[in-house]
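1. Need coordinates for the below:
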Amino acid sequence: MFKKLFIVILTLLPVISMAQSENPQVMFQMRNGKMYFDNAYSLNRGLKKDTLYNRALNWFEAAFPYPDKVITIADTKKGEIDGTGIFKIATSSDGHYYWMKFAVNISIHNATYELKVYDVYEKPIEPGISNEYSKIEYRWWDYRQGKPWSSEDDALFKGFNDDLNDMMVSLQKAMSK
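-> Sure, this is the predicted structure:
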């Protein structure tokens, strides 16, 4: 009896400590070592592809208020929207922030759609750092290994995770209204 209880406690200990931590672990979907998000959604069976396509296109145009957003493909017949999304992630009270730029693909079908986010780039905006876009995977790898590049990495990855989740919820609301 005590042995079973001990095993259960050992099994739950990491879950309990993670739940109690101030900064819960941020997790991203990965594919071949790169950040890659791929979520499929089912909607009301009565929603047709044309209606969903128009909702997705309107959502995309309004979702990213920054000038670097671009729609590269808007194909009504195929039900596909491709483009670039961008988030501004504040990382310090000193005014430092990062631009997070990524590819967005939305494939629309009758009563369903699929959202893909990939090719994620970060660009720091702070003094003393090159202000060029670079792939985020090396930084993410080091962060997961306990070797963050800067003290702002917690805010960067949590902010990106939060904005990405908000984006998915926003699209889902627009598609199912």
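2. What lies in contact with the biggest helix by length in the chain?
-> Determined from DSSP state H, the single longest helix within the chain is helix 153-176. Helix 153-176 has contacts (CB atoms under 8 Å, 6 or more residues apart in numbering) with 23, 26-28, 37, 39, 41, 43-44, 47, 52, 55-56, 58-59, 63, 85, 87, 89-92, 98, 100, 106, 113, 115, 117, 120, 122, 139-140, 143, 148. Bear in mind the C-beta positions are built from the backbone N, C-alpha and C, glycine included.
3. Could you do stretch 60-70 as well?
-> Here stretch 60-70 has contacts from 71, 81, 83-88, 99, 101, 104, 106, 167, 170-171, using CB under 8 Å, 6+ apart.
4. buried sites along that stretch?
-> 60, 63-64, 69 (16 or more other CB atoms under 10 Å).
5. Mind putting those residues into JSON lines with pLDDT, secondary structure and distance to K177?
-> Converted to JSON lines, the buried residues of stretch 60-70 look like this (pLDDT from 0 to 100; DSSP: H, G, I helix; E, B strand; the rest coil; distance: CB to CB, whole Å):
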{"residue": "F60", "pLDDT": "95", "secondary structure": "helix", "distance to K177": "15"}
{"residue": "A63", "pLDDT": "92", "secondary structure": "helix", "distance to K177": "15"}
{"residue": "F64", "pLDDT": "88", "secondary structure": "coil", "distance to K177": "19"}
{"residue": "K69", "pLDDT": "80", "secondary structure": "coil", "distance to K177": "22"}
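6. With only the CA atoms kept, save the longest helix of the chain in PDB.
-> Taking Å, rounded to 0.1, in the frame of the first residue of the first chain, the C-alpha atoms of helix 153-176 are listed here in PDB:
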ATOM      1  CA  ASP A 153      13.500  35.300 -23.000                       C
ATOM      2  CA  ASP A 154      10.800  34.300 -20.500                       C
ATOM      3  CA  ALA A 155       8.700  37.300 -21.500                       C
ATOM      4  CA  LEU A 156       9.500  36.700 -25.200                       C
ATOM      5  CA  PHE A 157       8.300  33.100 -25.300                       C
ATOM      6  CA  LYS A 158       5.400  33.600 -22.900                       C
ATOM      7  CA  GLY A 159       4.300  36.600 -24.900                       C
ATOM      8  CA  PHE A 160       4.500  34.700 -28.200                       C
ATOM      9  CA  ASN A 161       2.600  31.800 -26.700                       C
ATOM     10  CA  ASP A 162      -0.100  34.000 -25.400                       C
ATOM     11  CA  ASP A 163      -0.500  36.000 -28.600                       C
ATOM     12  CA  LEU A 164      -0.500  32.800 -30.600                       C
ATOM     13  CA  ASN A 165      -3.300  31.300 -28.400                       C
ATOM     14  CA  ASP A 166      -5.200  34.600 -28.600                       C
ATOM     15  CA  MET A 167      -4.900  34.600 -32.400                       C
ATOM     16  CA  MET A 168      -6.300  31.000 -32.600                       C
ATOM     17  CA  VAL A 169      -9.200  31.900 -30.400                       C
ATOM     18  CA  SER A 170      -9.900  35.000 -32.400                       C
ATOM     19  CA  LEU A 171     -10.000  33.100 -35.700                       C
ATOM     20  CA  GLN A 172     -12.200  30.400 -34.200                       C
ATOM     21  CA  LYS A 173     -14.700  33.000 -33.000                       C
ATOM     22  CA  ALA A 174     -14.700  34.700 -36.400                       C
ATOM     23  CA  MET A 175     -15.200  31.400 -38.200                       C
ATOM     24  CA  SER A 176     -18.000  30.100 -35.900                       C
END
